[in-house]
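Engineer: Got a predicted model here, sequence first, then my questions.
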Amino acid sequence: MCTRRRRGGSRGEDDGAVRNGGLTRRWRCGVRRRALRRTASSCIERRETDGCGHRPGIPWESDMRKMTAVSGSWRAVMAVALTGCGAGGSGAVAGPAPTPVPTPTPTPTATASPAADTAMTFAVTIAPGWNLGNSLEAIGSAAKPTATSQETAWGNARVTQAMLTAVAAAGFRSVRIPIAWNQYAAADDTIGAAWMARVVEVVGYARNAGLKVVINVHWDGGWQQPTYAAQAMANARLAKFWTQIATTFRDQDDTLLFAGTNEVMVTDVYSAPTPENCAVQNGFNQKFVDTVRATGGRNATRFLVVQAYNTNIDHAVSCNATMPRDPATGRMMMEVHYYDPYDFALNEKSDIWQWGATATDPARTQAWANEAYTDAQFQKMKVAFVDKGVPVLLGEYSAIAKTEYDPAGTYRTRWDRYITASAVKHGMVPMYWDNGVTANHGSGLFDRATATRAHSGVIDAIVAGAKEGAQR
């Protein structure tokens, strides 16, 4: 999730935030790995070893393909898509039970989506989404290359079929799976077979549950630096990784999406990107698209997700206004993230715990990032991308629990619902960031060890928010 972590910090180190171009960007904590296991996390996600569905059987997809999901008609399509979406009580939704877990294979297959789909018509079928955060992107202490999965290194349980089935049953239609690759790769960037097989297995869990899936190359140790000095190395590694990933999944259908990178920025530099930064980061996006398309098969037309610089909305409309060249028409999406206001959404040391129009204490509220601000930010993405036929993934958003101030989680729940609804209203696909921490200061919604709901109120608010946004 999020942005870069500083190395070597100690438990309790202050987080920082920089107001960047109207969007608060942040670097967060240096809490050590072991802290996650014995306390509520003081990071929403950690990246370093010692640093800081629509369920099958509900026939709505064919109806949506008959509609044009651009600009104003987006909400009409979403309203159809979300009819019957599970949002209450037990979290169960209609549809057949998940099939047994298959034995992982290098190239799993699935029923194909009609080739006539565009990214716009497909995007409405995947909201709301959920992140399997702090799992497959976890970086452990094992020497590189390791053949042993490090997915539990940050304190989360090993991913299971039951966990992904529970996510789908709660009303989520898609899962974003952040993934680290470099620690499993040899010196020549060849990804280990055992790790690739594990990724295939987890993707299979999600597919069995009826979820659409997004996989990426996540932060991965920070080698994707958008500078001329790092450009050649990063492009070569990105191409090598994506050639292997895309080839492995080449026969999967359109309900598996590839996302090229995550929050690319110069480490700990939160000022506006320079022309050099923009050029190199846009080059990463182009290299990703070119590499995947070159692998052929279903990848020739697979839906691909490219990111804005540091996933910042304001940088998206400036640095990334021009999408990469793509031989496939209408098959790309843009991705940004949203955690504003920082002190409310992410800063566990802050006593800012109220938000929005219902806030009663100005001293406990950052009024600048209210409902109107959220709508204005998302409107920028609608005008710059959605209205031009490019759907937008809101690939991460969440607010941590602050039970010391708000035991019932009233403001957190309201923020999550509003962000979800506004995103859908503006043609974006909201994908909630779940870091697996269900205790105070975490953003986890499910107990991953037991595959049960831990915060039903927030889950139901997100699912309801997606419906609400489609009706606006």
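Structural biologist: Looks like it came in fine.
Engineer: Val264 touches Trp223, doesn't it?
Structural biologist: No: applying C-beta atoms under 8 Å, one finds Val264 not in contact with Trp223, separated by 10.3 Å. In short, each C-beta sits where N, CA and C put it, glycine included.
Engineer: neighbour-wise, which of the two wins?
Structural biologist: The neighbour count for Val264 versus Trp223, taken as other C-beta atoms under 10 Å, is higher for Val264 (24 against 13).
Engineer: I'd guess that one is in a helix, am I close?
Structural biologist: No: applying DSSP: H, G, I helix; E, B strand; the rest coil, one finds Val264 to be coil, outside a helix.
Engineer: who's in contact with it?
Structural biologist: Neighbour list for Val264: 224, 226, 281, 284, 307, 309-310 [criterion: C-beta atoms under 8 Å, 6 or more residues apart in numbering].
Engineer: which two in those residues are spaced the farthest apart?
Structural biologist: Longest distance between any two of the contacts of Val264 is 12.4 Å, between Phe284 and Asn310; criterion C-beta to C-beta.
Engineer: Buried residues of stretch 182-192, list them for me.
Structural biologist: Residues 182-185, 189, 191-192 are the ones in stretch 182-192 that count as buried (16 or more other C-beta atoms under 10 Å).
Engineer: Please enumerate residues in contact with stretch 320-331?
Structural biologist: Applying C-beta under 8 Å, 6+ apart, the contact partners of stretch 320-331 are 118-120, 278, 281-282, 285-286, 288-289, 293, 300-304, 306-309, 332, 334, 384, 389-390.
Engineer: buried residues in it?
Structural biologist: 320, 323-324, 326, 328, 330-331.
Engineer: Likewise for stretch 444-463?
Structural biologist: In terms of neighbour count (16+ other C-beta under 10 Å), stretch 444-463 has its buried residues at 444-448, 451, 453-455, 457-463.
Engineer: Going by distance to Leu346, which of the contacts of Val264 wins?
Structural biologist: Taking C-beta to C-beta as the measure, Leu346 lies nearest Asn310 of those, at 14.9 Å.
Engineer: helix/strand/coil for the closest one?
Structural biologist: Going by three-state DSSP: Asn310 is helix.
Engineer: residues touching Arg176, list them.
Structural biologist: Residues near Arg176 by C-beta under 8 Å, 6+ apart: 129-132, 213-214, 216, 259, 393, 395-396, 431.
Engineer: neighbours of the closest residue to it other than its chain neighbours, just the number please.
Structural biologist: Nearest residue to Arg176, sequence neighbours excluded (C-beta to C-beta, 6 or more residues apart in numbering): Val214, at 4.3 Å. Using other C-beta under 10 Å, the number of residues around Val214 comes to 26.
Engineer: got the phi/psi numbers for Val214?
Structural biologist: Val214 adopts backbone torsions of phi -120, psi 120, taken as degrees, to the nearest 10.
Engineer: Can you verify my assumption that it contacts Arg173?
Structural biologist: No: in this structure Val214 lies outside contact range of Arg173 using C-beta under 8 Å: 11.6 Å.
Engineer: Please report the distance of the spatially closest residue to Lys380 that is not a sequence neighbour from Ala372.
Structural biologist: Distances taken as C-beta to C-beta, 6+ apart place Val317 nearest to Lys380, at 5.2 Å, with adjacent residues excluded. The spacing between Val317 and Ala372, counted by C-beta to C-beta, to the nearest Å, is 18 Å.
Engineer: For the stretch 251-400 of the chain, just list every one of the helices.
Structural biologist: 275-294, 313-316, 342-345, 371-384 (DSSP state H, counting those that start in this stretch).
Engineer: so Tyr411 sits right up against Trp355, yeah?
Structural biologist: Yes: when contacts are counted by C-beta under 8 Å, Tyr411 is listed as touching Trp355 (4.9 Å).
Engineer: Now do the shared contacts for these two.
Structural biologist: Listed as contacting both Tyr411 and Trp355 by C-beta under 8 Å, 6+ apart are 344, 399.
Engineer: out of these two, which sits in the busier spot?
Structural biologist: Trp355 (26 against 22).
Engineer: Give me the distance between that one and Ala197.
Structural biologist: Distance, Trp355 to Ala197, by C-beta to C-beta: 43 Å.
Engineer: what do you get for Phe284?
Structural biologist: As judged by C-beta to C-beta, Phe284 and Ala197 stand 27 Å apart.
Engineer: Gly444 touches Thr438, doesn't it?
Structural biologist: Yes: taking contacts as C-beta under 8 Å, Gly444 lies within contact range of Thr438: 4.1 Å.
Engineer: For these two, list the residues in contact with both.
Structural biologist: Residues touching both Gly444 and Thr438 (C-beta under 8 Å, 6+ apart): 454-455.
Engineer: How about Ala127: what's its closest non-neighbour residue?
Structural biologist: Spatial nearest neighbour of Ala127, chain neighbours left out: Val429 (4.7 Å); criterion: C-beta to C-beta, 6+ apart.
Engineer: Same question for stretch 370-390: list its buried residues.
Structural biologist: Result for stretch 370-390 [16+ other C-beta under 10 Å]: buried residues 370-371, 373-374, 377-382, 384-386, 389-390.
Engineer: same deal with stretch 246-255?
Structural biologist: Buried residues in stretch 246-255 (16+ other C-beta under 10 Å): 246-252, 254-255.
Engineer: Can you add pLDDT and give these back as CSV?
Structural biologist: Below are the buried residues of stretch 246-255 laid out as CSV (pLDDT from 0 to 100):
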residue, pLDDT
Ala246, 99
Thr247, 99
Thr248, 99
Phe249, 99
Arg250, 98
Asp251, 97
Gln252, 97
Asp254, 95
Thr255, 97
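Engineer: Serialize these to JSON lines and add fields for distance to Thr160.
Structural biologist: Compiled in JSON lines, these are given as follows (distance: C-beta to C-beta, whole Å):
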{"residue": "Ala246", "distance to Thr160": "26"}
{"residue": "Thr247", "distance to Thr160": "27"}
{"residue": "Thr248", "distance to Thr160": "21"}
{"residue": "Phe249", "distance to Thr160": "21"}
{"residue": "Arg250", "distance to Thr160": "26"}
{"residue": "Asp251", "distance to Thr160": "25"}
{"residue": "Gln252", "distance to Thr160": "21"}
{"residue": "Asp254", "distance to Thr160": "26"}
{"residue": "Thr255", "distance to Thr160": "21"}
